[in-house]
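Enquirer: next one to model:
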Amino acid sequence: MTSDAQILARPAATGDGADPRRWLTLIILLLAAFMNLLDVSIVNIAIPSIQRDLNASYADVQWALAGYTLAYALVLITGGRLGDTFGRKRLFLIGVTGFTIMSALCGAAQSPGQLIAFRVVQGAMGAIMVPQVLAVIQVIFPPAERIKALAGFGVTAGLGTISGPLIGGLLIQHNLFGLDWRPIFLINVPVGIIAVVASAVLVRESRAPSPPKLDPVGVVLVSAALLLLLYPLVQGRQLGWPTWTFVSMAVSVPVFALFVWCERVKERRDGSPLVPMRLFGERGFSAGMAIAVTFFMGIASFGLVLTLFLQLGLGFTPLHAGLTFLPFSVGVLISSGAAARLAPRFGRGVTMAGALIIAAGMAGIIATTHHYGPAVTTWELVPSLVGVGLGLGTVIAPLADVVLDRVPKQDAGSASGVFNTGLQLGNSIGIALIGVIFFGIIGSQSGPAASAVAPALRSGVVAAGVPASYAGQIEAQFRVCLHDRLVAADPTVTPASCKPKAGQVITPATQRVLAGAGVSAVRHNFAASLVRTLWFQVGVFLLSFLLMFALPTRAGRREEPAGTDREPLGTDRELTATHRG
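Expert: The predicted model follows:
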């Protein structure tokens, strides 16, 4: 096994002194990261199947989703620091093994309570595993190659986040071995076994040169602050945004402030805080983190709102909806490779171009949906979806490189945990905001949608044998039902306004007319709501573009001559001297 001294030495700028297995190692690291990202989104597709099979309520399934998200976000920073202290390979193996076991248990769950419990532990295992990915990349790749490795991470992040609906749709629609929804979890088991065995052989151990001491106070404080902020964001809309959700988010601010103060005190005392505050003194790291949180507010929320539009609005099957995302994935694949070649030369200009491209892609979806309305098809969305993918792939890898470039190897795990927490925080805030915006607009658009189908509804019910004098009454009831159905927190529960009134008899022919009008109205509603909602994404990506001006002018550029290497911020030698002093 390679010694710590060799591992912690500055990597060579050429391949001569670098780990010869680094590219194989990267494949294994990204395979594990893909499993984690996939499990964030794949469960959405399986909600109806899980409800039927486990007799689960909509709240149960929401907790299976939220439990994973919360556990993942809470443990990320701690997982990164544990890797610095006890070894990144060791923590990666623990995370992958635990994630694989929990995946098997999720697939074997026999009750909603079991599924929720296993999902929470699965999220925690993912949070132990994922920070080691970027940390190991930071350690084993020389700077000249690091952007290429991060491009692979960018592709993985984009595809893992978006491909969940496609893979989930394929697995559920084909009902493998009659297991219904369970293969969405069980598919991780063989992949996880391969990752465990391969990483045990290929990944070399690395840790901080002076392993930092544990920081239990920092762990408790940052976990409490994140929980106070993220729990109401994740569950707020489902609960109707009661007062305590806003109080909780407000209280998180002083708890975060207390955490920062305690970390500064611990840094002066023994030099081993959970999050070294000196990282934020580097302009590339602090500005890059602000950009990452802002940019990712638009990514997961876009995936959510487009999935809802395609499946609930247009009535696409899970497989059809997943296939609609394929042009997006193609765009990510193309641009990630191009960004890896262009970023060393143009630096922050590449990420700025990517932010503008993705904003233009969103504007294209708005224009296309506005033009075609409820009749829009996958083919009409293809050009804009490719543009969105091109923009995303152009930003992710160069941004990660800028954020982590000047981070000393001593803090690679901690910085990776902070970066991933920033992405998760951005995702959670974006989903919470888009939920408020999208579902609020859906409610406000129910009237125009009902008006759009009202003439066909009236003529249809009269043709079905309903007296003309009662047609207006049925239309009025239809309007109320449509609104209540669209704004319901639990779509599996039929609102009271949609049920026949006492003594009211609705013939099968009339029911068919009402069902057809309902489908048409929902399509009109969702199309109009999508057009208005996606302006949020356009604004987010334009704001990200403006924030990129705060990055150092030469951030991300690699213009050193062959055989040299830039010193990272606070090199290991400097850090050791600081600790001794």
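
Enquirer: so what does Ala554 have for phi and psi?
Expert: Quick fix: residue 554 reads Arg, not Ala. For Arg554, the backbone dihedrals (degrees, to the nearest 10) come out as phi -100, psi 20.

Enquirer: residues in contact with it?
Expert: Arg554 is in contact with Gly347, counting by CB atoms under 8 Å, 6 or more residues apart in numbering. C-beta coordinates here come from the backbone N, C-alpha and C atoms, glycine included.

Enquirer: which residues of the stretch 1-150 of the chain fall in strands?
Expert: Taking DSSP state E, counting those that start in this stretch as the criterion, the stretch 1-150 of the chain contains no strands.

Enquirer: can you show me the helices along it?
Expert: 4-8, 22-45, 47-54, 58-86, 88-107, 112-140, 143-162 (DSSP state H, counting those that start in this stretch).

Enquirer: format the ones you listed as a markdown table; extra columns: mean neighbour count.
Expert: Listed next are those as a markdown table, based on neighbours: other CB atoms under 10 Å:
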| stretch | mean neighbour count |
| --- | --- |
| helix 4-8 | 14 |
| helix 22-45 | 22 |
| helix 47-54 | 17 |
| helix 58-86 | 24 |
| helix 88-107 | 23 |
| helix 112-140 | 25 |
| helix 143-162 | 24 |
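
Enquirer: return the member of those having the minimum mean pLDDT.
Expert: Among the helices of the stretch 1-150 of the chain, helix 4-8 carries the lowest mean pLDDT, a mean of 33.

Enquirer: quick check: longest helix of this structure.
Expert: helix 508-547 (DSSP state H).

Enquirer: buried sites along that helix?
Expert: Neighbour-count burial for helix 508-547 flags 510, 513-514, 517-518, 520-534, 536-538, 540-545, 547 (criterion: 16 or more other CB atoms under 10 Å).

Enquirer: can I get the helices of the stretch 1-150 of the chain in TSV including distance to Phe439?
Expert: Listed next are the helices of the stretch 1-150 of the chain as TSV, based on distance: least, CB to CB, whole Å:
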stretch	distance to Phe439
helix 4-8	50
helix 22-45	16
helix 47-54	16
helix 58-86	14
helix 88-107	28
helix 112-140	24
helix 143-162	21
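
Enquirer: where does this protein dip in pLDDT?
Expert: Counting by pLDDT under 70, the chain shows low-confidence ranges at 1-18, 158, 161-162, 489-492, 502-504, 556, 558-581.

Enquirer: please report phi then psi for Asn175.
Expert: phi 40, psi 60.

Enquirer: burial count for it?
Expert: 12 (other CB atoms under 10 Å).

Enquirer: how much space separates it from Ile184?
Expert: 12 Å (CB to CB, to the nearest Å).

Enquirer: Ala397 too?
Expert: In terms of CB to CB, Ala397 sits 28 Å off from Ile184.

Enquirer: relative to Phe302, how far out is the residue nearest to Val376 when sequence neighbours are not counted?
Expert: Closest residue in space to Val376, ignoring its immediate chain neighbours: Thr369 at 5.4 Å, by CB to CB, 6 or more residues apart in numbering. Relative to Phe302, Thr369 is positioned 13 Å away (CB to CB).

Enquirer: which one's more surrounded, the two?
Expert: Between Thr369 and Phe302, counted using other CB under 10 Å, Phe302 has the larger neighbour count: 28 against 22.

Enquirer: and the one helix or strand that one maps to, C-alpha only, in PDB?
Expert: Using DSSP states H and E, Phe302 sits in helix 299-308. Output of helix 299-308 as PDB, limited to C-alpha atoms (Å, rounded to 0.1, in the frame of the first residue of the first chain):
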ATOM      1  CA  ILE A 299     -31.800  22.600 -11.100                       C
ATOM      2  CA  ALA A 300     -33.800  20.200  -8.900                       C
ATOM      3  CA  SER A 301     -36.800  22.500  -8.900                       C
ATOM      4  CA  PHE A 302     -36.800  22.500 -12.700                       C
ATOM      5  CA  GLY A 303     -36.700  18.700 -12.700                       C
ATOM      6  CA  LEU A 304     -39.600  18.600 -10.300                       C
ATOM      7  CA  VAL A 305     -41.900  21.100 -12.100                       C
ATOM      8  CA  LEU A 306     -41.200  19.600 -15.500                       C
ATOM      9  CA  THR A 307     -42.000  16.100 -14.200                       C
ATOM     10  CA  LEU A 308     -45.300  17.300 -12.700                       C
END
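
Enquirer: past it, which element shows up next along the chain?
Expert: Past helix 299-308, the next helix or strand by DSSP H and E is helix 318-324.

Enquirer: now do the buried residues in the very next helix or strand once past that following helix.
Expert: Counting by DSSP H and E, the next helix or strand C-terminal to helix 318-324 is helix 326-346. For helix 326-346, the neighbour count (16+ other CB under 10 Å) marks 326-337, 339-340, 342-344, 346 as buried.

Enquirer: what of stretch 354-367?
Expert: Applying 16+ other CB under 10 Å to stretch 354-367 flags 354-366 as buried.

Enquirer: and the furthest pair within those?
Expert: The span of those, defined through CB to CB, is set by Gly354 and Ile366 at 18.9 Å.

Enquirer: pull the distance from the helix or strand where Val453 lies to the chain's centre.
Expert: Secondary structure from DSSP H and E places Val453 in helix 446-463. Relative to the chain's own centre, helix 446-463 is displaced by 39 Å; criterion: CA atoms, centre = their mean, to the nearest Å.

Enquirer: before we move on, what about stretch 455-464?
Expert: With CA atoms, centre = their mean, you get 45 Å for stretch 455-464.

Enquirer: quick one: residues in contact with it.
Expert: 468, 470-472, 474-475, 478, 507, 509-510, 512-514, 516-517, 520.

Enquirer: how about stretch 226-236?
Expert: 62, 66, 69-70, 73-74, 244-246, 248-249, 251-252, 255, 421, 425, 428-429, 431-432, 435.

Enquirer: skip the chain neighbours and tell me the closest residue to Gln51.
Expert: Distance criterion CB to CB, 6+ apart; nearest residue to Gln51, sequence neighbours excluded, is Val61 at 6.2 Å.

Enquirer: my bad, should have said Arg182
Expert: Using CB to CB, 6+ apart, the closest residue to Arg182 is Gly107 (4.4 Å).

Enquirer: against Lys89, how distant is the one you found?
Expert: From Gly107 to Lys89 the distance is 27 Å (CB to CB).

Enquirer: other SSEs contacting the helix or strand harbouring Ala200?
Expert: Secondary structure assignment for Ala200, by DSSP H and E: helix 188-202. Applying 3 or more CB pairs under 8 Å, 6 or more residues apart in numbering; DSSP states H and E, one finds that helix 188-202 contacts helix 22-45, helix 88-107.

Enquirer: which one of those helices lies closest to Gly389?
Expert: Of all the helices and strands packed on helix 188-202, helix 22-45 comes closest under CB to CB, at 15.4 Å.

Enquirer: and the helix or strand hosting Leu230, which residues are buried?
Expert: Following DSSP H and E, one finds Leu230 within helix 216-239. Neighbour counts over helix 216-239 (16+ other CB under 10 Å) mark 217-219, 221-238 as buried.

Enquirer: same thing with stretch 264-282?
Expert: 266-267, 271-276, 278-279, 282.

Enquirer: which of those lies closest to Leu37?
Expert: Val275 (23.2 Å).

Enquirer: where's that closest one, which helix or strand?
Expert: Going by DSSP H and E, Val275 is not part of any helix or strand.

Enquirer: show me what contacts it?
Expert: 77, 81, 218, 222, 263, 414, 418.

Enquirer: nearest residue to the residue nearest to the spatial centre of the chain other than its sequence neighbours?
Expert: Central residue of the chain (CA atoms, centre = their mean): Ala300, 4.7 Å from the mean position. Residue nearest to Ala300 in three dimensions, not counting chain neighbours: Asn427, with 3.9 Å by CB to CB, 6+ apart.
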